[in-house]
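Engineer: let's see this in three dimensions:
(chains A and B)
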Amino acid sequence: ETGVTQSPTHLIKTRGQQVTLRCSSQSGHNTVSWYQQALGQGPQFIFQYYREEENGRGNFPPRFSGLQFPNYSSELNVNALELDDSALYLCASSLEGHGIGGANVLTFGAGSRLTVL
Amino acid sequence: DQQVKQNSPSLSVQEGRISILNCDYTNSMFDYFLWYKKYPAEGPTFLISISSIKDKNEDGRFTVFLNKSAKHLSLHIVPSQPGDSAVYFCAASASGTSYGKLTFGQGTILTVHP
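Structural biologist: Residues are numbered from 1 along each chain as shown, chains lettered A, B, ... in the order given. Sure thing, here's the model as predicted:
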């Protein structure tokens, strides 16, 4: 059983550029969530994808967008990068409906560390 | 608005002693709570959870206590081991929201000294 893999592990961009981060879900999982973790903070929910559609979003602007593919892999796209977008971006996968009541136990990848200069 | 708070940025304990990590929340809609552990250069890994219909859940050396009236939960690790040294995150979820949406605290760095 493979875990959640993310790429790239590190990248540096300049303000105003666009970035795409990629995630391969754990085998058998059909739901993917993306989180942003700023330095010294806990992960913050960006959005969730299920059946290739966004079905939940946190307090992030529309320049944060995503895709989920038929094989359940996913992308996070961020346009018009700002300095505050510098963070660790975590992808998490889960199996919808197979959690502890209303909450799925998420399996996280190691993250992609984005630095915006 | 920090709905889940871990007020202790760090905790240091001796091997074999008890580690107690605390977490407070403000949102009354939260009804599931989880603890995640994170090692450097790795993603957070699930540790233990509790539903709001319970006040205690045990799994080996790990026990989570929930006090709904105080909106407070704690994670007890007994006995603590050096391999437990990591960042611990408290997280909460509300029924009816996306299954993948967890609200995390800021984390507590636990250091267990041999």
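Engineer: residue in chain A nearest to chain B?
Structural biologist: A:G56 (2.7 Å; Cβ to the nearest Cβ). All C-beta spots, glycine's among them, are computed from the backbone N, C-alpha and C.
Engineer: mind checking the SS state of B:V112?
Structural biologist: Here B:V112 is strand, with the state taken from DSSP: H, G, I helix; E, B strand; the rest coil.
Engineer: what bridges to it?
Structural biologist: Beta-bridge partners of B:V112, counted by DSSP bridges, are B:V13.
Engineer: which ones are touching A:T115?
Structural biologist: Neighbouring residues of A:T115 by Cβ atoms under 8 Å, 6 or more residues apart in numbering or on different chains: A:10-13, A:86.
Engineer: ok so it is a helix residue?
Structural biologist: No. Applying three-state DSSP, one finds A:T115 to be strand, outside a helix.
Engineer: which of the contacts of A:T115 are buried? Put it as a ChimeraX command.
Structural biologist: Per 16 or more other Cβ atoms under 10 Å in any protein chain shown, the buried members of the contacts of A:T115 correspond to this ChimeraX selection:
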select /A:13,86
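Engineer: reformat the contacts of A:T115 as CSV; add pLDDT, distance to B:S28 and secondary structure.
Structural biologist: As requested, these are arranged in CSV below (pLDDT from 0 to 100; distance: Cβ to Cβ, whole Å; DSSP: H, G, I helix; E, B strand; the rest coil):
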residue, pLDDT, distance to B:S28, secondary structure
A:H10, 96, 40, strand
A:L11, 96, 40, strand
A:I12, 98, 42, strand
A:K13, 97, 40, strand
A:S86, 98, 34, coil
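Engineer: show me what contacts the spatially most central residue of chain A?
Structural biologist: Central residue of chain A (Cα atoms, centre = their mean): A:W34, 2.5 Å from the mean position. Going by Cβ under 8 Å, 6+ apart, A:W34 touches A:23, A:45-48, A:66, A:74, A:76, A:89-92.
Engineer: most neighbours, which of those residues?
Structural biologist: A:C91 (30 neighbours; other Cβ atoms under 10 Å in any protein chain shown).
Engineer: list the beta-bridge partners for it.
Structural biologist: In beta-bridge terms (that is, DSSP bridges), A:C91 pairs with A:W34.
Engineer: wait, it sits on A:Q6?
Structural biologist: Yes. Contact criterion Cβ atoms under 8 Å: A:C91 and A:Q6 qualify, at 5.3 Å.
Engineer: skip the chain neighbours and tell me the closest residue to residue 11.
Structural biologist: Answering for chain A, as no chain was given. Leaving out its chain neighbours, the residue that sits closest to A:L11 by Cβ to Cβ, 6 or more residues apart in numbering or on different chains is A:L114, at 5.9 Å.
Engineer: try again with chain B
Structural biologist: With sequence-adjacent residues excluded and distances taken as Cβ to Cβ, 6+ apart, B:L11 is closest to B:L110, at 5.1 Å.
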